[in-house]
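Enquirer: any chance you can model this:
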Amino acid sequence: KGAAIEEEWATFEGTVRNTDQDIYLAIEDQLHPLRDQIKAGDSATATKTAATLSALFSQYLTKHPG
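Expert: Got it, this is the predicted structure:
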């Protein structure tokens, strides 16, 4: 699952990096821990990390609609 998340992120990572460096870095800071949490079977922490990522994506879309 962690690899699938990173593959999906790669499809729009450059756009986020080029338009909002702060959110880009915040997302990057969450991806590797999420992958490790999934691999470790730590669903409680992975759920929290995924919620943080979701909030960051929402923040980006609010700042950069469409």
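
Enquirer: buried set for stretch 29-38?
Expert: For stretch 29-38, a neighbour-count test (16 or more other CB atoms under 10 Å) marks Gln30, Leu31, Leu34, Arg35, Gln37, Ile38 as buried. (C-beta placed from N, C-alpha, C; glycine too.)

Enquirer: run a quick neighbour tally on Glu13.
Expert: 15 (other CB atoms under 10 Å).

Enquirer: let me know the pLDDT of it.
Expert: Note on Glu13: pLDDT of 94.

Enquirer: can you pull the contacts of it?
Expert: Contacts for Glu13 (CB atoms under 8 Å, 6 or more residues apart in numbering) come out as Tyr24.

Enquirer: how does it look with 7 Å?
Expert: Glu13 sits next to no residue when contact means CB atoms under 7 Å, 6 or more residues apart in numbering.

Enquirer: so it versus Ala51, what's the distance?
Expert: As judged by CB to CB, to the nearest Å, Glu13 and Ala51 stand 20 Å apart.

Enquirer: ok, Asp42 next?
Expert: Counting by CB to CB, the gap from Asp42 to Ala51 is 14 Å.

Enquirer: just His32 next, same as before
Expert: For His32 relative to Ala51 (CB to CB), the value is 17 Å.

Enquirer: any stretches of the chain with poor pLDDT?
Expert: 1-2 (pLDDT under 70).

Enquirer: sketch out the helices for it, chain order is fine.
Expert: 2-10, 13-19, 21-40, 43-63 (DSSP state H).

Enquirer: how big is the angle separating the longest one from helix 21-40?
Expert: For helix 43-63 and helix 21-40, the angle between their directions (axes from the mean of the first three to the mean of the last three CA atoms, to 10 degrees) works out to 160 degrees.

Enquirer: buried ones in helix 43-63, by neighbour count?
Expert: Buried, per 16+ other CB under 10 Å, within helix 43-63: Ala46, Thr49, Ala50, Thr52, Leu53, Leu56, Tyr60.

Enquirer: pretty sure the third one sits against Leu34.
Expert: Yes: in this structure Ala50 lies within contact range of Leu34 using CB atoms under 7 Å: 6.4 Å.
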